[in-house]
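In: Quick one, fold the following:
(one chain, ligands or ions: 2)
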Amino acid sequence: MKAGVLRGKENLKIEDIDIPSCNHADILIKVESCAICKTDVKMFHVGHRDLELPRVLGHEVAGTIVEVGKEVAEEFKVGDRVQVAPGLPCGSCPFCISGIPNMCDKMKIIGFHHDGGFAEYMLVPANGVQNGCVNTIPSSLPFEEASLAEPIACCINALKRCRVEPGDVVAIFGAGPIGHLCAQLARLFGASKIVVIEKSTQRIEFAEKNHLADVIIDSSDIGSDSVEAIREEIDSNSNGVDVVIPACSAPEVPVQGIKMLNKRGRIVFFSGLPYVQEYISLDHNQIHYKEIQIFGAYGCTSKQNREAVRMLSAGRLNVKYLITHRISLNELIRYFEMIDTHNAMEVVVK
Ligand SMILES: [Zn+2]
Ligand SMILES: [Zn+2]
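Out: Ligands and ions are numbered 1, 2, ... in the order given. Modelled structure (predicted):
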């Protein structure tokens, strides 16, 4: 089969490799859609803590079951349309047992430790099948939309970590795909006002055209006193926002975000910072006096993938407009480079 194999930094080739063999408890799927994640692009350029090479990347996957191991439960059969949650937890450690498998120390991830979806076929290993990573999808849900369930699940995790509640004013930094998904979810969670802060003109125009938020602020206009300016824009009487979600990796954003929070405000560190800038300095007393709450969020659970699939199936989220490019496997390398330059939103390989 054809597959995009990463062998080292910026060394990705489309190769002919064997179709993975499906053992007793595994499921083999024909990949129908695999979306390119910013993490894939990061792995391509600089690697990743959890990446083992050589590797077929791609962890945002939907496809059709073509083979089912003998020991797999009857709920799965050849021909089923499915979405795959990429995290394969051990299922038995204290984190897995208490329902937070994304914190499992023995977690293996499809597209990081196991071959992923930038290929014609992909194997879901036994522990993924057993731990609820394969979600059937209705015929009404296109594969390309189902393949975005994984990033949606990561956003659900982030919003739940910082407890977005009805009535909250939510500020989201970044109007890339993740900013869009977080804004849609914040609205579903009952946010009363959503503010999106973005510096790219292209992305601002795209956000405005799609009515992404109540207020869209061009951060390239604001200059040095960005926090005050943003507060003014939101509401001159307000004491700040209730929740800040940095959906970008700029190291200054968490610092600014904490400054614009109201008392008891919440911020979720959702996006990783570049390795060279992973330390930031925060105003300790501000966090202390205002009782600011800081949360971390990493990845998602198989349950959150199921929730995402249900939301998509019920038409509660709109991701169609986010898919700006549909490409073939042969074009993969070119598009890895393109995402870097903000020229695309979601790119799916079909
Ligand atoms: Zn991803
Ligand atoms: Zn575990």
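
In: Give me every residue in the stretch 1-150 of the chain lying close to ligand 2.
Out: 89, 90, 93, 96, 104 (C-beta under 5 Å from the ion). C-beta: built from backbone N, CA, C; applies to glycine.

In: Mind putting these into a markdown table with neighbour count?
Out: Formatted as a markdown table, those follow (neighbours: other C-beta atoms under 10 Å):
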| residue | neighbour count |
| --- | --- |
| 89 | 27 |
| 90 | 16 |
| 93 | 15 |
| 96 | 20 |
| 104 | 21 |
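
In: List the contacts of residue 68.
Out: 22, 27, 28, 76, 77, 78 (C-beta atoms under 8 Å, 6 or more residues apart in numbering).

In: Just the closest of the residues you listed to residue 121, please.
Out: residue 28 (6.0 Å; C-beta to C-beta).

In: Partner strands of the helix or strand hosting the closest one and their direction?
Out: With elements taken from DSSP states H and E, the one containing residue 28 is strand 27-35. Taking DSSP bridges as the criterion, strand 27-35 forms sheet pairs with strand 60-68 (antiparallel), strand 121-124 (antiparallel), strand 346-349 (antiparallel).

In: Is that strand in proximity to ligand 1?
Out: No. Strand 27-35 is not in contact with ligand 1 by C-beta under 5 Å from the ion; minimum separation 7.8 Å.

In: Go through the strands paired with strand 27-35 and name the closest to residue 304.
Out: Here strand 60-68 is closest among the strands paired with strand 27-35 (C-beta to C-beta), at 13.6 Å.

In: and that closest one, average pLDDT?
Out: When pLDDT is averaged along strand 60-68, the result is 98.

In: how far is that strand from where the chain is centred?
Out: Distance, stretch centre to chain centre, for strand 60-68: 20 Å (C-alpha atoms, centre = their mean, to the nearest Å).

In: where's the helix or strand just after it relative to the chain centroid, distance-wise?
Out: Sequence order places strand 81-84 as the next helix or strand after strand 60-68, per DSSP H and E. Distance of strand 81-84 from its chain centroid, counting by C-alpha atoms, centre = their mean, is 17 Å.

In: packing partners for strand 81-84?
Out: strand 27-35, strand 60-68, strand 134-136, helix 143-146 (3 or more C-beta pairs under 8 Å, 6 or more residues apart in numbering; DSSP states H and E).

In: mind listing what residue 153 touches?
Out: 85, 300, 301, 304, 305, 307, 308.

In: Mind telling me what element it is part of?
Out: Short version, using DSSP H and E: residue 153 is in helix 149-161.

In: what's the angle between that helix and strand 27-35?
Out: 80 degrees (axes from the mean of the first three to the mean of the last three C-alpha atoms, to 10 degrees).

In: What's the mean pLDDT across helix 149-161?
Out: 97.

In: Quick check: what element follows it along the chain?
Out: strand 169-173.

In: Show me how far that following strand is from its chain's centre.
Out: Worked out by C-alpha atoms, centre = their mean, strand 169-173 lies 17 Å from the chain centre.

In: chain center to whichever helix or strand comes after it, what's the gap?
Out: Next in sequence after strand 169-173, counting helices and strands by DSSP H and E, comes helix 177-188. When C-alpha coordinates are averaged (C-alpha atoms, centre = their mean), helix 177-188 and its chain have centres 11 Å apart.

In: Check which helices and strands helix 177-188 is in contact with.
Out: helix 149-161, strand 169-173, strand 193-198, strand 241-246.

In: Name the strands paired with the third one and say parallel or antiparallel.
Out: Read that as strand 193-198. strand 169-173 (parallel), strand 215-218 (parallel).

In: Buried deepest among those strands, which one?
Out: strand 169-173 (a mean of 27; mean count of other C-beta atoms under 10 Å).

In: Please list the outside residues in contact with it.
Out: Counting by C-beta under 8 Å, 6+ apart, 164, 179, 182-183, 186, 191-198, 213, 219, 230, 234, 238, 241-248, 250, 253, 256-257, 260, 262 sit against strand 169-173.

In: now do 6 Å
Out: 179, 182-183, 186, 191, 193-197, 241-248, 253 (C-beta atoms under 6 Å, 6 or more residues apart in numbering).

In: what's the average pLDDT for that strand?
Out: Averaging pLDDT residue by residue across strand 169-173 gives 95.

In: give me phi/psi at the residue lying closest to residue 330 once chain neighbours are set aside?
Out: What sits nearest to residue 330 in space, not counting adjacent residues and going by C-beta to C-beta, 6 or more residues apart in numbering, is residue 14, at 6.0 Å. Main-chain torsions, residue 14, degrees, to the nearest 10: phi -90, psi 120.

In: In JSON lines, list the contacts of residue 68 along with pLDDT and neighbour count.
Out: As requested, these are exported to JSON lines (pLDDT from 0 to 100; neighbours: other C-beta atoms under 10 Å):
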{"residue": "22", "pLDDT": "97", "neighbour count": "21"}
{"residue": "27", "pLDDT": "98", "neighbour count": "26"}
{"residue": "28", "pLDDT": "98", "neighbour count": "20"}
{"residue": "76", "pLDDT": "96", "neighbour count": "17"}
{"residue": "77", "pLDDT": "96", "neighbour count": "10"}
{"residue": "78", "pLDDT": "98", "neighbour count": "11"}
